[in-house]
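1. generate coordinates for the sequence data below:
(one chain, ligands or ions: 1)
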Amino acid sequence: MSSRSTMFRRALAAAGVAATTLLAPSPAGPPAGAAPAQTAPEVRTVASGLEVPWSIGFLPDGSALVTERNTARVRRVTSTGQVTTAGTVAGVAAAGEGGLLGLAVSPTFATDRFVYLYFTAASDNRIVRATYQNGQLGTPQPVLTGIPKGTTHNGGRIAFGPDGMLYAGTGETGNTALAQDLGSLGGKILRVTPTGAPAPGNPFGTRVWTYGHRNVQGLAWDAQGRMYATEFGQNTLDEVNRIEPGGNYGWPIVEGSGGGTTYRDPIVTWTTAEASPSGMAYLDGSLYVAALRGRRLWEVPLTATGGAGTPRALLSGEYGRLRAVEVAPDGTLWVSTSNRDGRGTPVATDDRILAVSPDGGGPVEGTCVTARNSAHVTAGRATAYFIWVRAVGSNQYIGTTYATTSLRETSPGTWTRVDAC
Ligand SMILES: [Ca+2]
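-> Just a heads-up that it's a prediction; the model follows:
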């Protein structure tokens, strides 16, 4: 049973509904208007015709800003798929794996209007920030320059952590020695203040948070604030790592596991053909990893202690190379294709942004759940409300009646009745 179904069983138990009730099929069947039962993810194409969309960042209005690696454009994509151009970033020198890469919306965007960008310039990789107002990107100002650049392994993912600090995944640019060199910004995960200074509490008193990385393009935090990063292996093993300050993640001495006490072992490894992992997001107890060469979206369920359960492959081969994944305000995952990056086989509509519901749609943890009572209205039981869940594997809806309208998850695993969503 998926984590989401488990969550709903927990929710119902918390609401005073006996768990055994869920084992009986609902006499009324699925609520009116419910989608047919399915175990496959539900996928909606949000936008098409983009060019190597590399990073997605959501604005408070629910739309997203999207970087395009080679054109250096920042596009705005609304939830209904309207695409406009917010601006073109000056100074981007796109070549090889470099170009306009990461994007992160300021956690205080409502007051400062800042959007942060990571790109490959003529002489380095750098982080800048620019305002975004009235649909237009302002003039970028440098935040952090001097990150080594190369034809390959430029890293490029940036994200604000739960601590309000800016994190960046960098690459060793093909010069493997940089990864173990604490004096270089290459082959690292960096942690800086919003103005680019070493963040307070960093393990070496510098901008370095962790080292021994080959090429980091995915950063995410779980609900407990634990940090994770993806990493491209060379020829054998890609990695998902649990990130702890000061850690040495082994490259180029160790690829994959086997680091002993000196190097941190990953919590997941894949062959490079199965993965080549770029972006990563956390949703509902799982990490989701966008795989380029692997042409799939990996779900990595997390254990209570921050380890990994058995990964599950989604969308295998269906959409080609996948680059970015972010949680949208509606609880879906927005995933970008990367089929026009020179290594893919694009179709006419590429590149695309997809909205993916990993468990086939339905309510999402963390949001408010409104019971749908139309089936019971039809059955003459208008005072009772109906909560439904989909039983993974059986293709059946299971449900029960419930005498209130809505539940809201007030803390992880704790659901509270509310009058309305
Ligand atoms: Ca490693």
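
2. what's the burial count for Thr305?
-> Applying other CB atoms under 10 Å, we find 8 residues neighbouring Thr305. For every residue, glycine as well, the C-beta is placed using N, CA and C.

3. and it, what pLDDT?
-> Confidence per residue is given as pLDDT, and for Thr305 that number is 96.

4. which SS class is it?
-> At Thr305 the chain is in coil, as set by DSSP: H, G, I helix; E, B strand; the rest coil.

5. and the gap between it and Leu283?
-> The span separating Thr305 from Leu283 equals 19 Å under the rule CB to CB, to the nearest Å.

6. Thr120 too?
-> Between Thr120 and Leu283 the distance is 30 Å, computed by CB to CB.

7. not counting its neighbours along the chain, what's nearest Gly306?
-> Arg226 (4.7 Å; CB to CB, 6 or more residues apart in numbering).

8. how close does the one you found sit to the ion?
-> Between Arg226 and the ion the distance is 17 Å, computed by CB to the ion, to the nearest Å.

9. what about that residue, neighbour count?
-> Using other CB under 10 Å, Arg226 has 16 other residues around it.

10. got a pLDDT number for it?
-> At Arg226 the predicted local confidence, pLDDT, stands at 98.

11. likewise for Thr405?
-> Reading off the per-residue confidence, Thr405 sits at a pLDDT of 48.

12. now do the strands in the stretch 1-150 of the chain.
-> 42-47, 53-58, 64-68, 73-77, 83-88, 100-105, 114-120, 125-133, 136-137, 141-147 (DSSP state E, counting those that start in this stretch).

13. which among those strands is found nearest to the ion?
-> Ranking these by their distance to the ion (criterion: CB to the ion) puts strand 141-147 first, at 19.6 Å.

14. buried residues in stretch 116-125, which are they?
-> Buried positions in stretch 116-125, judged by neighbour count with 16 or more other CB atoms under 10 Å: Tyr116, Leu117, Tyr118, Phe119, Thr120, Ala121, Asn125.

15. to clarify, my last question referred to stretch 312-326.
-> Per 16+ other CB under 10 Å, stretch 312-326 contains these buried residues: Ala313, Leu314, Leu315, Tyr319, Gly320, Arg321, Leu322, Arg323, Ala324, Val325, Glu326.

16. over to stretch 268-278?
-> The neighbour-count criterion (16+ other CB under 10 Å) identifies Val268, Thr269, Trp270, Thr272, Glu274, Ala275, Ser276, Pro277, Ser278 as the buried residues of stretch 268-278.

17. the ion: which of the residues you listed is nearest?
-> In terms of CB to the ion, no member of the buried residues of stretch 268-278 lies closer to the ion than Thr269, at 9.0 Å.

18. so in that sheet, which strands flank whichever strand or helix holds the closest one, and in what orientation?
-> Per DSSP states H and E: Thr269 is located in strand 268-271. With DSSP bridges as the test, strand 268-271 is paired with strand 237-243 (antiparallel).

19. and the partner strand, average pLDDT?
-> Across strand 237-243, pLDDT averages out at 98.

20. and for stretch 204-212?
-> For stretch 204-212, the mean pLDDT works out to 98.

21. hmm, that stretch touching the ion?
-> No. Shown here: stretch 204-212 not in contact with the ion (CB under 5 Å from the ion), separated by at least 6.4 Å.

22. show me what contacts the residue of the stretch 251-400 of the chain found nearest the ion?
-> Shortest the stretch 251-400 of the chain-to-the ion distance, computed as CB to the ion: residue-wise this is Trp251, at 5.3 Å. Contacts here follow CB atoms under 8 Å, 6 or more residues apart in numbering; on that basis Trp251 touches Glu172, Thr176, Ala179, Gln180, Gly187, Gly212, His213, Arg214, Glu231.

23. quick one: residues contacting the residue nearest to the third one when sequence neighbours are not counted.
-> Spelled out, that is Ala179. Here the nearest residue to Ala179 in space, its sequence neighbours aside, is Gly187; by CB to CB, 6+ apart that works out to 3.2 Å. Residues touching Gly187, when contacts are defined by CB under 8 Å, 6+ apart, comprise 170-172, 176, 178-181, 211-215, 251.
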